[in-house]
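>>> Next comes the sequence, and after it the predicted model I'd like to discuss.
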Amino acid sequence: MHPIERVLNTLQGKPTDRVPTFCAMVEDRTFNEVLGKPLLPQERLMTNPAARYLFDRWGPVLTKTAFRIELDRALEKRIRAQVELGFDSVWAILDETFTVVDHATMVRFSGSIFNLQPDGYGNMTYMYRGPGIKTREDFENWPYWPDADDLAHSTYRFFRKMMSKYGHRACLFGQGPAYGIHESLLWAVGFEKMPVWIRREKDLVKRYVDRCEEICLKTNMALLDAGVPVVIQTDDFAFKSGPLMNPRLIDEIFGPSYRRIIKAVHDRGAYYVLHSCGDNTLLFDTFISWGVDGLHAYENTSNVDIFREKKLHGDQVTIIGGVGVDYLLTDRSKDEEVVSEVKRLLTGLGPGGRFIIAPVHSLSTIPAHKLRVMVDAVARFGAYPVALS
Amino acid sequence: MNESTMAVRRAIDELDLDGIGMLVGACLEEGLTPEEIIQEGISKGLEIVGRKFEDGEYFLADLIMAGEVVKEAMPILKARMNPGDSSGKGTVILATVAGDIHEIGKNIVGMILSANGFEVIDLGVDVPAIRIMDTARTTGARFIGLSALLTTMVDSIREVVDAAGAAGLRDQVKIVIGGACTSQDLCTEMGADAYGETAIDALRIFNGYAAGA
């Protein structure tokens, strides 16, 4: 069976020849291991005094010219590496949400600020620094909001190219330059202030959500125009111990947008997968009511029980994830431990279908070798009927 | 139970951000002391919120909201307190460990501890062990809360434990850890004193230490 058919059948709850695999993206360290290291390590951009000066002086201009071009190349490498590792489905993202302000700072158009920093392997990565919108005035004057139509055009161009290069080899789960509405708000105003905003600034929250929805809708349609069969969006709704907010409130504030976004994808005959970190046990019914076809992460380090969820919801939604990145997919684990965990997941979650095995996240600490071990183990032990001892 | 302090307690339980100031003012007008209002109104209200959080009725955002409600009340009460008055549970140093810049969980713990009578010194994120120990030495703080989200940074917890030993403070300070990558097993492995999964766990642990101190 072709990987694309295997994945799409699983998302529809139809029979397949074996449990499919999904790669939850790869970071620079991992794709460099697969494709070879670049001549000029990215970290130099941050450490070289001349490069620092240029970014400090003309960061926003360089973002639109040199930086975005280099970033798009890196994003293509991510897709290519995932395909070459042999995954049935891969996470393809176009991240044009950023402007580099100086050599150490990036802002996301939706209102948040990030540190640019080395990843420990010679590359650059980013980490959340804090909110960019602290007051009503900040919201009204935030200068980085993009034109949604421009984003849609660049999304279409990028994904048309990716589909022609890789779309016949693996099932592309496409994510346009639009992060989840909830996590965007959380990053924009800061988690400690978000409950207060929701209580006191209802009109601004509504306008914020509407703006994000418009971007999601337009970039998702561009993905589908380019031929992407599955739309994936990331929106972290929970910590390791449970949801950040009351599920009723989450549904009230974000549910209407997500219902419209997902319906628009379904109306075009495509599928919708939501990635949400943490323990979403109390939210899975809500997500399913929004219409998602698949749910990804089921982080092993959170309190979520993927086996229980398969029993409870495995007939309504495809469960994607399960393979830990905190130890298993690191240099510290042994190959046989990866194989053993893959077998345990296949045995417990494979029967009945609607399970795609995948790492729970991408991290710089994931070596390509461990992903190969995982893919190989699924090929050896994941054929239906899955009946491993 | 005084009706006015009951109203304060209820306002915290109901997360009434807009009404708390007026209710605290009414208590003071009646002649209640700030200490009585804190003890009977605010602390008891926070206890109810904590219970509801543990029962799954309230969520993390509600805990934060309760902290915000208390923040509205405290300046009004502090303005009427005599210098030196305090519920005096002790000082907690909070820090996200070296190499890690995630601070949401730490900030929530700080807010809950402050609202419950602890003095909190928040050293921020990416804090080296040596700075934490210097602060413990200069302030005399005996409680330390360490937050870590990144799996790759857990060794920084051990560095703090080791630094406490090297500074001759290990027997005098209690080191409590929390955050996405932490667990009871990690706590044992790193030689810390306790692990708290939630902000309410952290409050319970530090309350226990304060009561025993």
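Cool, the structure landed. Residues are numbered from 1 along each chain as shown, chains lettered A, B, ... in the order given.
>>> Determine the set of other helices and strands touching the lowest-mean-pLDDT helix or strand in chain B.
Sorting the helices and strands of chain B by mean pLDDT, DSSP states H and E puts helix B:104-115 at the bottom, at a mean of 82. Counting contacts by 3 or more C-beta pairs under 8 Å, 6 or more residues apart in numbering or on different chains; DSSP states H and E, helix B:104-115 is packed against helix B:60-80, strand B:91-96, strand B:119-122, strand B:143-147, helix B:199-212. To be clear about C-beta, it is placed using only N, CA and C from the backbone, and glycine gets the same treatment.
>>> Pick the most deeply packed of these.
Most buried of the helices and strands packed on helix B:104-115, by mean neighbour count (mean count of other C-beta atoms under 10 Å in any protein chain shown): strand B:143-147, with a mean of 27.
>>> what packs against that strand?
Other helices and strands packing on strand B:143-147, by 3+ C-beta pairs under 8 Å, 6+ apart, are strand B:91-96, helix B:104-115, helix B:129-139, helix B:155-166, strand B:174-178, helix B:199-212.
>>> Now the weakest link among these, please, by mean pLDDT.
Per-stretch mean pLDDT for the helices and strands packed on strand B:143-147 is lowest at helix B:104-115 (a mean of 82).
>>> Near chain A, which residues of chain B? Just list them.
Within chain B, the residues that sit near chain A (C-beta under 8 Å from any C-beta of the partner chain) are B:17, B:56, B:58-62, B:64-65, B:68, B:101-102, B:104-105, B:107-108, B:111, B:151-152, B:180-181, B:197-198.
>>> Buried by neighbour count, from those: which ones?
B:17, B:58-62, B:64-65, B:68, B:101-102, B:104-105, B:107-108, B:111, B:151-152, B:180-181, B:197-198 (16 or more other C-beta atoms under 10 Å in any protein chain shown).
>>> if I pick A:Leu295, what's in contact with it?
A:Leu295 is in contact with A:273-276, A:280, A:284, A:287, A:317-320, counting by C-beta atoms under 8 Å, 6 or more residues apart in numbering or on different chains.
>>> Now the residue sitting furthest away from the middle of chain B: closest residue in space, sequence neighbours ignored.
Within chain B, the residue lying farthest from the chain centre (C-alpha atoms, centre = their mean) is B:Glu30, at 29.9 Å. Leaving aside its sequence neighbours, B:Glu30 sits nearest to B:Ser4 (C-beta to C-beta, 6 or more residues apart in numbering or on different chains; 5.5 Å).
>>> okay, that neighbour: pLDDT?
Looking at B:Ser4, the pLDDT reads 93.
>>> do the same with B:Glu40
pLDDT for B:Glu40: 87.
>>> same check, this time on A:Arg44
Per-residue pLDDT puts A:Arg44 at 76.
>>> Can you list the buried residues in stretch B:162-175?
Across stretch B:162-175, burial judged by 16+ other C-beta under 10 Å covers B:163-164, B:167, B:169, B:173-175.
>>> Next, the contact list for the spatially most central residue of chain A, please.
Centroid-nearest residue in chain A, with C-alpha atoms, centre = their mean: A:Thr234, separated by 4.7 Å. Listed by C-beta under 8 Å, 6+ apart, the contact set of A:Thr234 reads A:175, A:179-180, A:183, A:274-276.
>>> One more: A:Met127?
A:114-115, A:117, B:101-102.
>>> Next: A:Arg129.
Counting by C-beta under 8 Å, 6+ apart, A:Arg129 touches A:105, A:113-115, B:101.
>>> Flag the least confident of those residues.
Within these, B:Ile101 has the lowest pLDDT, namely 74.
>>> hang on, the earlier thing: so of the contacts of A:Leu295, which ones are in strands?
A:273-276, A:318-320 (DSSP state E).
>>> farthest-separated two in those?
A:Ser276 and A:Thr318 (14.2 Å; C-beta to C-beta).
>>> I'd like the distance between the residue farthest from the centre of chain B and B:Glu3.
Relative to B:Glu3, B:Glu30 is positioned 9 Å away (C-beta to C-beta, to the nearest Å).
>>> And B:Ile130, by the same measure?
52 Å.
>>> Neighbour count for these two, which is higher?
Taking other C-beta atoms under 10 Å in any protein chain shown, B:Ile130 and B:Glu3 do not tie; B:Ile130 has more neighbours (14 against 9).
>>> Neighbour count and pLDDT added to the contacts of A:Leu295, as TSV?
Supplementary listing: the contacts of A:Leu295 in TSV, determined by neighbours: other C-beta atoms under 10 Å in any protein chain shown; pLDDT from 0 to 100:
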residue	neighbour count	pLDDT
A:Val273	25	98
A:Leu274	26	98
A:His275	24	98
A:Ser276	25	97
A:Asn280	24	97
A:Phe284	21	98
A:Phe287	24	98
A:Val317	23	98
A:Thr318	24	98
A:Ile319	23	98
A:Ile320	30	98
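>>> A:Arg57: which of these is nearest?
Of these, the one sitting nearest to A:Arg57 (C-beta to C-beta) turns out to be A:His275, at 36.7 Å.
>>> isn't that closest one right next to A:Asp235, touching?
Yes. With contact defined as C-beta atoms under 8 Å, A:His275 reaches A:Asp235; the gap is 7.4 Å.
>>> Quick check: residues of chain A near chain B?
Residues of chain A lying near chain B (C-beta under 8 Å from any C-beta): A:115, A:120, A:127-129, A:191-192, A:194-196, A:198-200, A:239-246, A:249, A:282, A:301, A:326-327, A:365.
>>> Distance of B:Ile157 relative to B:Ala163?
11 Å.
>>> whoops, A:Lys64 was the one
Going from A:Lys64 to B:Ala163 by C-beta to C-beta gives 46 Å.
>>> Around residue 150, how many other residues sit close by?
Chain wasn't specified; assuming chain A. Neighbours of A:Asp150 under the rule other C-beta under 10 Å: 12.
>>> oops, I was thinking of chain B
Neighbours of B:Leu150 (other C-beta under 10 Å): 20.
>>> and what of A:Arg73?
Counted by other C-beta under 10 Å, the residues lying close to A:Arg73 total 10.
>>> Helix, strand, or coil at it?
Under DSSP: H, G, I helix; E, B strand; the rest coil, the three-state class of A:Arg73 is helix.
>>> sorry, back to before: now the least confident helix or strand of chain B and helix B:199-212, what's the angle there?
Angle, helix B:104-115 to helix B:199-212, by axes from the mean of the first three to the mean of the last three C-alpha atoms, to 10 degrees: 40 degrees.
>>> Helix B:104-115: how far from the chain's middle?
Distance, stretch centre to chain centre, for helix B:104-115: 5 Å (C-alpha atoms, centre = their mean, to the nearest Å).
>>> and the angle for that helix with strand B:91-96?
Compare the direction of helix B:104-115 with that of strand B:91-96 by the same axes, to 10 degrees and you get 170 degrees.
>>> quick one on the thing from earlier: distance to A:Lys14 added to the helices and strands packed on strand B:143-147, as a markdown table?
Shown next, in a markdown table, are the helices and strands packed on strand B:143-147 (distance: least, C-beta to C-beta, whole Å):
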| stretch | distance to A:Lys14 |
| --- | --- |
| strand B:91-96 | 47 |
| helix B:104-115 | 41 |
| helix B:129-139 | 55 |
| helix B:155-166 | 47 |
| strand B:174-178 | 44 |
| helix B:199-212 | 45 |
